[in-house]
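J.: what follows is a predicted structure for the sequence shown.
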Amino acid sequence: MNCRHCSKPLTHTFLDLGFAPPSNAYLSEADLTKPEKYYPLKVMVCDQCWLVQTEDYAQADELFSADYAYFSSTSSGWLVHAESYSKHVTKTFGLNSKSLVIEVASNDGYLLKNFVASGIPCIGIEPTESTAIAAEKLDIPVIREFFGETLGKRLAREGKQADLIAGNNVYAHVPDINDFTRGLKAALKSTGTITLEFPHLMQLIEHTQFDTVYHEHFSYLSLHTVNQIFNTAGLRIWHVEELSTHGGSLRVYGCHVQDERETTASVEKLLDEEQKNGLRHLETYQSFQPRANKVKNELIQFLIEKTRAGNKVVAYGAAAKGNTLLNYAGIKPDLLPLVLDAALAKQNKYMPGSHIPILPPSNIEDLKPDFVVILPWNIAEEVIKQNSAIREWGGKFITAVPELRVL
Ligand SMILES: [Zn+2]
């Protein structure tokens, strides 16, 4: 296989998590009697452009036929994040009723509804039918397609180039990252701005976030690599911000290469920091697997010890990262009997691979667990606040990544 950005043959493994079912393929009771399909979950690193990427595997297209759809609006923290972003960019770039905002992967309209409320014209791009319908109910026009150069050029021909193109947590999920970036270039006005948010590879490595690896997540990105991908497409990153979302993300601000805006010091500063953290050294990538294994082993050991001691342990949050962790660790209901989750779409289903049942959080009062393992550690604070009742019977919260912690 060759690198998806620079085409150099890939020879170095960053992380090998064996085989796993798609992380969002939640199972119904009837599914439990059927065979379950597992795909290789292996991540490579390119030693030329340092793009960290999932390995290609057979029948990858089948992965995306799963009917489960994530609705962004189910996370209250994410809605607040989206609203503050909208205010920030509206003010900074002077957006008004003559502007156009395009969001790629507009989901259920969690972000664009803020622009609609301010009278700023917008277009959402979203191929998932159920979320697109939800966005249209909020008066957001939606193009139900995957984004890339073809669609970008069509928007340009139709006079729909944008003053602002936003992409939150879509860039890492795109199989052809060069084509997607050329699409951004085509759909951008000559003075327009692109903002993209994606988890920062430097944080993934520093905090051993190996559970953020799953099949649908094609790229793991540093500023260094995204900078190169932008340049190749005729774009330039002129500013970057570090965010706390998803365990540490970047928000990059892009423009056309020939735009007159000056590049701020933030870009050089972060490129230096990545260099100091070894992001352009092969050893950094090659020493990651043993660290991931240590996290996995600590969790297994904890569950075995507590089970032997007769303690009741449950999990909270049937998130994709939970599935990566549980399946890599081979944890089944004997060690972790159930997962609590607030999303109606997941309740009374089963986790893919581990087949651990998912129940509504209201069960916590009857169960009175001694330990609650919070699988989506990035929302631990929110989960603890909502379930603080467990303190009444001496219950404790645990997170497993980057190391086993009692909270
Ligand atoms: Zn490369």
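T.: Ah, there it is. Numbers count the residues shown, from 1 in each chain.
J.: so Val170 sits right up against Ala105, yeah?
T.: Yes: with contact defined as C-beta atoms under 8 Å, Val170 counts as touching Ala105 (3.7 Å). Quick note: C-beta positions are derived from backbone N, CA and C, even for glycine.
J.: quick check: mean pLDDT of the strand or helix carrying Lys294?
T.: Here Lys294, judged by DSSP states H and E, is contained in helix 288-308. Averaged across helix 288-308, the pLDDT comes to 98.
J.: return the list of helices and strands in contact with it.
T.: Secondary-structure packing of helix 288-308 (3 or more C-beta pairs under 8 Å, 6 or more residues apart in numbering; DSSP states H and E): strand 12-20, strand 313-316, helix 320-329.
J.: switch to 10 Å and redo it
T.: strand 12-20, strand 39-45, helix 201-206, strand 313-316, helix 320-329, strand 371-374, strand 396-399 (3 or more C-beta pairs under 10 Å, 6 or more residues apart in numbering; DSSP states H and E).
J.: could those go into TSV alongside mean neighbour count, distance to the ion and mean pLDDT?
T.: Output for those, formatted as TSV (neighbours: other C-beta atoms under 10 Å; distance: least, C-beta to the ion, whole Å; pLDDT from 0 to 100):
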stretch	mean neighbour count	distance to the ion	mean pLDDT
strand 12-20	17	11	97
strand 39-45	20	9	95
helix 201-206	22	14	98
strand 313-316	24	37	98
helix 320-329	24	24	96
strand 371-374	24	35	98
strand 396-399	19	33	97
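J.: possible to save those as a markdown table with distance to Tyr70?
T.: Conversion of the helices and strands packed on helix 288-308 to a markdown table gives the following (distance: least, C-beta to C-beta, whole Å):
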| stretch | distance to Tyr70 |
| --- | --- |
| strand 12-20 | 18 |
| strand 39-45 | 19 |
| helix 201-206 | 20 |
| strand 313-316 | 17 |
| helix 320-329 | 9 |
| strand 371-374 | 18 |
| strand 396-399 | 21 |
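J.: nearest to Ala132, out of these?
T.: Closest to Ala132 of the helices and strands packed on helix 288-308, according to C-beta to C-beta: helix 320-329, at 21.1 Å.
J.: which elements pack onto the helix or strand following that closest one?
T.: Once helix 320-329 ends, the next helix or strand along the chain (criterion: DSSP H and E) is strand 339-340. Counting contacts by 3+ C-beta pairs under 10 Å, 6+ apart, strand 339-340 packs against strand 313-316, helix 320-329, strand 358-359, strand 371-374.
J.: buried stuff in stretch 272-281?
T.: For stretch 272-281, the neighbour count (16 or more other C-beta atoms under 10 Å) marks Glu274, Asn277, Leu279 as buried.
J.: understood, closing this out.
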